[in-house]
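1. quick one: sequence plus predicted model below, questions after.
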Amino acid sequence: MTTSRATAGVRLPADVPHPFSPAGRADPGPAYRWLRANDPVHYDPYSRMWWLTSHAACAAALREDRLSAARGQRERARDDALPPSMLTTDPPEHQRLRAPGQLLLGPAAIRELQDPLGTDVDALVDALPREADGVDALGAPFATAVFARLFGLPGADRPAFEALARAASVNLDPLAGPAVAAVGRAAMGELSRFLTAHARTVTEGPLARLAADTRLTERERTGILGLAVVGGWQPLAEAVGNALYWLLPRPDAVALLREGDADQARLLVQELLRLEAPIPFTARVAVEDVALPGGTVPRDGRVLIVIAAANRDPAVFEHPDDLMPGRGPNPQLAFGAGTHFCLAAQLVRTSLELLLTRLVRRHRGLTFAQPPGAPGWDPRPIPRRLLSCPVQTRSTDVR
Ligand code: HEM
């Protein structure tokens, strides 16, 4: 087996907690900083994976088809019940599954969704109680509204969908133990049955167009829908809390969102996604030796592309740990890059802009009810999420 000269034998210093240890899960920042500066293509004997932490290495790896996503997903720490999908296939099969997905998540779907979603968002921000959890009261119903509009779900089905999406989201965590994995498999089965039955009945909207497309079998179509829900529902819900964490302590950024134009909102959302990407890493396996900036991953090497570390790389981002609302260019990797670039990236950006803008316009005095981030971040690494996000509105806000 070839090893990289740049990485052989390099170890994290004893006083820097491993990102998967309890202390490292609470705050992986020190490990990411050390690895990025000292060994950006690093063999980690604990996880037996090659950890990529610089922007250059991660960006190259995401665009590298010799790093197989299919094998990266198959060789997760545990087996799971995700049906075959574009994320678990490599080119050329990947494109066959991805192309019809445009019918669900492409520009036409986004245009169609904007007005009805605006109505949902207005109802959500109007109903926000004086004190609430930003994820439970805003993020989760917002994510459900986005999917309900995409899938043409009637209002009465939204609670059932949300419960299934929440249960199936445990499949996101590659480190979950066998008991959780079994729950995840069962939830995925139920979600798939729900989505298959619903897709047979829907008559208009993005899902109806996908359902009418003959390029996919029904099972493949359900695979796309299941992937969208497992890969998207919770990350979208948690992205709201993560964004508030950075936004609310910064009155200048809030004012910009409230009074600025659409371009300023777009740059700000891009920056919020850079700082706290809900998907902090993704996995691949090298099908041959692959040279990357900073080192070579040997054939059969399992690779962890640490998006969260790349997005704070000082070689690319000035003041990487600070919110810079107008940052541009901003080549953040929150949605990945290359072949598997998030199919819903534009939808996510557009809908987050809509929610955050209307929220701060409606609630001028929105603040955290307790110091932002206390009690901190979920120790499970995926999705990157706050354990709670208590916000309060001002009594003088127009109701
Ligand atoms: C803030 C929310 C989201 C983030 C941060 C995010 C991030 C990502 C990332 C990093 C990837 C690439 C994974 C890899 O390369 O292995 C990805 C792929 C994907 N995402 Fe998202 N995502 C989000 C929301 C969504 C939503 C809401 C949907 C669907 C409605 C979605 C659908 C997909 C699909 C279908 C893929 C696979 C693309 C492919 O393999 O070609 N995502 N996402």
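-> Nice, thanks for sending it over. Numbers count the residues shown, from 1 in each chain.

2. quick one: end-to-end length of stretch 250-266, please.
-> Terminal residues of stretch 250-266 lie 17 Å apart, using Cα to Cα, to the nearest Å.

3. just the buried positions in that stretch, please.
-> 253-254, 256-258, 260, 264-266 (16 or more other Cβ atoms under 10 Å). C-beta here means a position set from N, CA and C on the backbone, and glycine is covered the same way.

4. and the average pLDDT for it is what?
-> Stretch 250-266 comes out with an average pLDDT of 96.

5. distance between that stretch and the chain's centre?
-> Centroid separation for stretch 250-266 versus its chain: 23 Å, with Cα atoms, centre = their mean, to the nearest Å.

6. for stretch 124-135, same thing?
-> 23 Å.

7. does any bit of it sit next to the ligand?
-> No: using Cβ under 6 Å from any ligand atom, we find that stretch 124-135 stays clear of the ligand, coming within 12.6 Å at best.

8. how about residues contacting that stretch?
-> Contacting residues not belonging to stretch 124-135 are listed as 137-138, 141-142, 145, 237-238, 240-241, 244, 355, 358-359, 362-363, 369, 385-386, 388-393, 395, 399 [Cβ atoms under 8 Å, 6 or more residues apart in numbering].

9. keep the residues you listed, but drop any that are not near the ligand.
-> Of the contacts of stretch 124-135, not one also sits near the ligand (Cβ under 6 Å from any ligand atom).

10. I'd like the buried residues of stretch 250-266 written out as CSV, with distance to residue 152 added.
-> Shown next, in CSV, are those (distance: Cβ to Cβ, whole Å):
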residue, distance to residue 152
253, 35
254, 34
256, 35
257, 30
258, 33
260, 33
264, 33
265, 28
266, 28
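
11. of the residues you listed, which is the nearest to the ligand?
-> Sorting these by how near they are to the ligand, with Cβ to the nearest ligand atom, puts residue 266 at the top with 14.8 Å.

12. now do the SS call for that closest one.
-> helix (DSSP: H, G, I helix; E, B strand; the rest coil).

13. apart from its neighbours in sequence, what residue is nearest it?
-> Ranked by Cβ to Cβ, 6 or more residues apart in numbering and with sequence neighbours excluded, the top spatial neighbour of residue 266 is residue 353, at 6.3 Å.

14. about what we covered before: and the contacts of stretch 124-135, which are buried?
-> 137-138, 141-142, 145, 237-238, 240-241, 244, 355, 358-359, 362-363, 369, 385-386, 388-393.

15. give me the nearest residue to the residue in the stretch 101-250 of the chain that the ligand sits nearest to, chain neighbours excluded.
-> Residue of the stretch 101-250 of the chain nearest the ligand, by Cβ to the nearest ligand atom: residue 232 (2.4 Å). Of all residues not flanking residue 232 in the chain, residue 344 sits nearest, at 5.8 Å (Cβ to Cβ, 6+ apart).

16. for that neighbour, which residues are in contact?
-> 105, 228, 232.

17. let's see it at 10 Å
-> By Cβ atoms under 10 Å, 6 or more residues apart in numbering, the residues touching residue 344 are 101, 104-106, 109-110, 146, 150, 228, 231-232, 235-236, 335, 350-351.

18. so which of those residues are in helices?
-> 101, 104-105, 109-110, 146, 150, 228, 231-232, 235-236, 350-351 (DSSP state H).

19. can these go into JSON lines with extra columns for distance to residue 123?
-> Formatted as JSON lines, the ones in helices among the contacts of residue 344 follow (distance: Cβ to Cβ, whole Å):
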{"residue": "101", "distance to residue 123": "29"}
{"residue": "104", "distance to residue 123": "24"}
{"residue": "105", "distance to residue 123": "23"}
{"residue": "109", "distance to residue 123": "21"}
{"residue": "110", "distance to residue 123": "20"}
{"residue": "146", "distance to residue 123": "14"}
{"residue": "150", "distance to residue 123": "18"}
{"residue": "228", "distance to residue 123": "23"}
{"residue": "231", "distance to residue 123": "26"}
{"residue": "232", "distance to residue 123": "21"}
{"residue": "235", "distance to residue 123": "23"}
{"residue": "236", "distance to residue 123": "18"}
{"residue": "350", "distance to residue 123": "18"}
{"residue": "351", "distance to residue 123": "15"}
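
20. which one of those residues is nearest to residue 171?
-> When these are ranked by distance to residue 171 (Cβ to Cβ), residue 231 comes first, at 9.1 Å.

21. is it true that the closest one touches residue 147?
-> No: using Cβ atoms under 10 Å as the test, residue 231 is too far from residue 147 to be in contact (11.8 Å).

22. any low-confidence regions in the stretch 201-350 of the chain?
-> Within the stretch 201-350 of the chain, no stretch has pLDDT under 70.

23. quick one, helices of it?
-> Secondary structure of the stretch 201-350 of the chain (DSSP state H, counting those that start in this stretch): helices at 206-212, 218-247, 251-259, 262-275, 307-310, 345-362.

24. now do the stretch 51-200 of the chain
-> Using DSSP H, counting those that start in this stretch, helices in the stretch 51-200 of the chain cover 55-62, 69-74, 93-105, 107-126, 140-151, 158-168, 178-201.

25. quick one: residue 276 from residue 351, how far?
-> 17 Å (Cβ to Cβ, to the nearest Å).

26. the two: which has the busier surroundings?
-> Taking neighbours as other Cβ atoms under 10 Å, residue 276 and residue 351 compare with residue 351 leading, 26 against 21.
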